[in-house]
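Asker: okay, sequence plus prediction incoming.
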Amino acid sequence: MRAEFSAPPIHYQRDDKPASFWGLRGSASLHDKQLVLTAVNPSVTDAIDAQIILRGARVKSGESMVLTAADIHARNTFADRQALVPKAGTIENKGEVIAHLPAASVTRITLQME
């Protein structure tokens with residue numbers, strides 16, 4: 001399975017110098033007729049509506065789970081074990097599949113193929 005993830009790079013200032021890094025990364029795996037995509041949106045300010053293009057396959061249904069928080073430094077601790085938990089995400093399947101990737105998030109997209 002080949003997967004390509006593409007988004008404009010993220011530009012920022014580091015030590016008063018311009019810097020940039022990748023705008024979207026991820027992985028894909030196929031198990032029978034279930035495709036699992038994992039995508040990382042590193043932007044702390046911008047969400048991405050990602051178009052998922054499948055060659056030679058059609059999507060029957062899909063769902064997503066998102067790991068993100070309003071505070072990018074959020075973490076689970078013994079005192080607060082639920083500070084950062086996965087939540088149901090948003091995907092559309094209307095001829096093309098669109099997944100909403102919130103800012104500063106990791107999203108798992110599970111697609112069932114026909």
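Answerer: Noted; the coordinates are in hand.

Asker: tell me which residues form a beta bridge with the residue nearest to residue 50 when sequence neighbours are not counted?
Answerer: Nearest residue to residue 50 in three dimensions, chain neighbours excluded: residue 99, at 4.8 Å (Cβ to Cβ, 6 or more residues apart in numbering). Using the backbone N, CA and C atoms, a C-beta is placed for each residue, glycine as well. Counting by DSSP bridges, residue 99 forms beta bridges with residue 50, residue 91.

Asker: tell me who's in contact with residue 99.
Answerer: 37, 39, 49, 50, 52, 64, 89, 90, 91, 107, 109 (Cβ atoms under 8 Å, 6 or more residues apart in numbering).

Asker: just the buried ones out of those, please.
Answerer: Among those, those classed as buried by 16 or more other Cβ atoms under 10 Å are 37, 39, 50, 52, 64, 89, 91, 107, 109.

Asker: one step back: would you turn the contacts of residue 99 into CSV with distance to residue 12 and pLDDT?
Answerer: Compiled in CSV, these are given as follows (distance: Cβ to Cβ, whole Å; pLDDT from 0 to 100):
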residue, distance to residue 12, pLDDT
37, 26, 96
39, 20, 96
49, 22, 94
50, 21, 93
52, 27, 92
64, 27, 96
89, 25, 93
90, 27, 90
91, 29, 92
107, 22, 97
109, 27, 96
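
Asker: so who does the spatially closest residue to residue 108 that is not a sequence neighbour touch?
Answerer: Excluding the flanking residues, the one nearest residue 108 by Cβ to Cβ, 6+ apart is residue 65, at 4.8 Å. Applying Cβ under 8 Å, 6+ apart to residue 65 gives the contacts 86, 87, 88, 89, 107, 108.
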